[in-house]
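Engineer: my questions are about this predicted structure, shown below with the sequence.
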Amino acid sequence: MKIKVVLHDAEEGGYWAKVPSLPGCYTQGETFAELLANIYEAVEAYLSVDMEPEDEEDRGKGRVLEIAV
């Protein structure tokens, strides 16, 4: 999966970025390398899902499958 990221120079130094396809997904970094690491972390956190069943009744009835897209 490829995701577009919009990078900006921060007014007070460093960088900040947003991911337009993921509303509210923003991050920043003092250096470009730090920004890049933070982008990966922010996207991963945004897309992660808590897989615990909400109901006691549903525990053990389903399977979790992880796929790459």
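Structural biologist: Happy to help now that I have it.
Engineer: residue boundaries of the helices in the chain?
Structural biologist: All helices of the chain, identified by DSSP state H, fall at 32-47.
Engineer: quick one, strands of it?
Structural biologist: 6-9, 15-18, 26-29 (DSSP state E).
Engineer: got TSV for these, with mean neighbour count and distance to Leu36 too?
Structural biologist: Every C-beta, even on glycine, is put in place using the N, C-alpha and C of the backbone. What follows is those, written out as TSV (neighbours: other C-beta atoms under 10 Å; distance: least, C-beta to C-beta, whole Å):
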stretch	mean neighbour count	distance to Leu36
strand 6-9	11	9
strand 15-18	18	9
strand 26-29	17	7
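Engineer: dump these to a markdown table, plus mean pLDDT.
Structural biologist: As requested, the strands of the chain are arranged in a markdown table below (pLDDT from 0 to 100):
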| stretch | mean pLDDT |
| --- | --- |
| strand 6-9 | 96 |
| strand 15-18 | 97 |
| strand 26-29 | 96 |
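Engineer: looking at these, which is nearest to Ser48?
Structural biologist: Closest to Ser48 of the strands of the chain, according to C-beta to C-beta: strand 26-29, at 15.0 Å.
Engineer: and the closest one, how far out from the chain middle?
Structural biologist: Chain-centre distance of strand 26-29: 11 Å, with C-alpha atoms, centre = their mean, to the nearest Å.
Engineer: what do you get for stretch 13-23?
Structural biologist: Using C-alpha atoms, centre = their mean, the mean C-alpha position of stretch 13-23 is found 11 Å from that of the whole chain.
Engineer: make a markdown table from the strands of the chain and add distance to Leu47 to it.
Structural biologist: Shown next, in a markdown table, are the strands of the chain (distance: least, C-beta to C-beta, whole Å):
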| stretch | distance to Leu47 |
| --- | --- |
| strand 6-9 | 18 |
| strand 15-18 | 15 |
| strand 26-29 | 14 |
